[in-house]
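>>> predicted model and sequence follow; I will ask about them next.
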Amino acid sequence: MDFRSLVRGRVGWPRLESVVRELAARYGRDEVHVNFLTADNWLSTPMVIDDEWFVKVISRQNSMVHALFTTGRNLGAFSSGTEGFFEHFGTPLQMAEHELEATRQMRDIGINAPEPIEALEIDDLGVVVLEFLPSFRSLDQLDREAEVALAPDLFGNLHRMHEHGLAHGDLRAENVLILDDELYFIDATNVREDGREDARSYDLACALGALEPLIGVPASVDAALSAYTIDELLAAREFMDFVNIRPDHDFDAAGLKGEIEKRAS
């Protein structure tokens, strides 16, 4: 096993087989078809069972990587002039339980998300089971016209989360799925209760950063202003540079900040 595989927490087949066998027994299936996804995921081993259940298997190495990511993100938050607001979970099971609960909370307030099934521990692995959404596309797989049309819905849903005291914490184009022209949100991370206000500004910066490469600066700001005030965009502006240094974001931070400042003047 090379170092990258070790750090990524790849789970060997015998342990994965025990997870699949346990789930098949729990759901009354004598046989199941398993499709391992090729996503470049550092925090779990994702798979689809019988085109019905989306399963994430979380190892202790995955939990360790999550702790490293959390520390790095909190350091980045400090660089933006605020206390860190991301939280780490102590065990793989706790990571699985959080994802299940975050998904349930989004659905409870009317946000589209996969149906949460269960979170459990199998062979010292955290396992979260969600509804599998067939034939979905991520936000960055649409044409520009569709992305422009859906942008206000993105900010409207994000605003609904924030109104109900939730924060996503990891909003990227690949965490926004489109199924039958509806937006679905996945992979919410954990933020501290006392850091929710800053986390909301961070969410808004992430949403702008995810959209800008797809639809451009003016259209992104227009869409954000359909749900948020200019003062809220000014607060998000403070997190732009922090978000842009993440390897999974690449956008015109200077352009967005300039456009927000222009609209505020």
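That came through, no problem.

>>> chain center to the helix or strand that contains Pro213: distance?
Counting by DSSP states H and E, the secondary-structure element that holds Pro213 is helix 196-215. Computed by Cα atoms, centre = their mean, to the nearest Å, the separation of helix 196-215 from the middle of its chain amounts to 12 Å.

>>> again, but for stretch 132-141
Distance, stretch centre to chain centre, for stretch 132-141: 14 Å (Cα atoms, centre = their mean).

>>> which parts of that stretch are buried?
Of the residues in stretch 132-141, those with enough neighbours to count as buried (16 or more other Cβ atoms under 10 Å) are Phe132, Leu133, Leu139. From N, CA and C alone the C-beta is placed, and that goes for glycine too.

>>> what do you get for stretch 235-246?
The neighbour-count check on stretch 235-246 (16+ other Cβ under 10 Å) flags Ala235, Ala236, Arg237, Glu238, Phe239, Met240, Phe242, Val243, Asn244, Arg246 as buried.

>>> and for stretch 198-208?
By neighbour count with 16+ other Cβ under 10 Å, stretch 198-208 contains the buried residues Asp198, Ala199, Arg200, Ser201, Tyr202, Asp203, Leu204, Ala205, Cys206, Ala207, Leu208.

>>> Met57 belongs to a strand?
To be clear, residue 57 is Val; Met isn't right here. Yes - counting by DSSP: H, G, I helix; E, B strand; the rest coil, one finds Val57 located in a strand.

>>> looks like Phe155 contacts Asp222 (just checking).
No - if you go by Cβ atoms under 8 Å, Phe155 and Asp222 don't touch, sitting 9.9 Å apart.

>>> who's more crowded, the two?
Phe155 (21 against 17; other Cβ atoms under 10 Å).

>>> what helix or strand is that one on?
Under the assignment here (DSSP H and E), Phe155 is part of helix 144-163.

>>> direction included, what does the helix or strand just after that helix pair against?
Using DSSP H and E, the helix or strand that follows helix 144-163 in sequence is strand 176-179. Sheet pairing for strand 176-179, assigned by DSSP bridges, gives strand 137-138 (antiparallel), strand 182-185 (antiparallel).

>>> now do the contacts for the closest residue in space to Ile230 that isn't next to it in sequence.
Distance criterion Cβ to Cβ, 6 or more residues apart in numbering; nearest residue to Ile230, sequence neighbours excluded, is Ala264 at 5.0 Å. Going by Cβ atoms under 8 Å, 6 or more residues apart in numbering, Ala264 touches Ile230, Leu233, Leu234.
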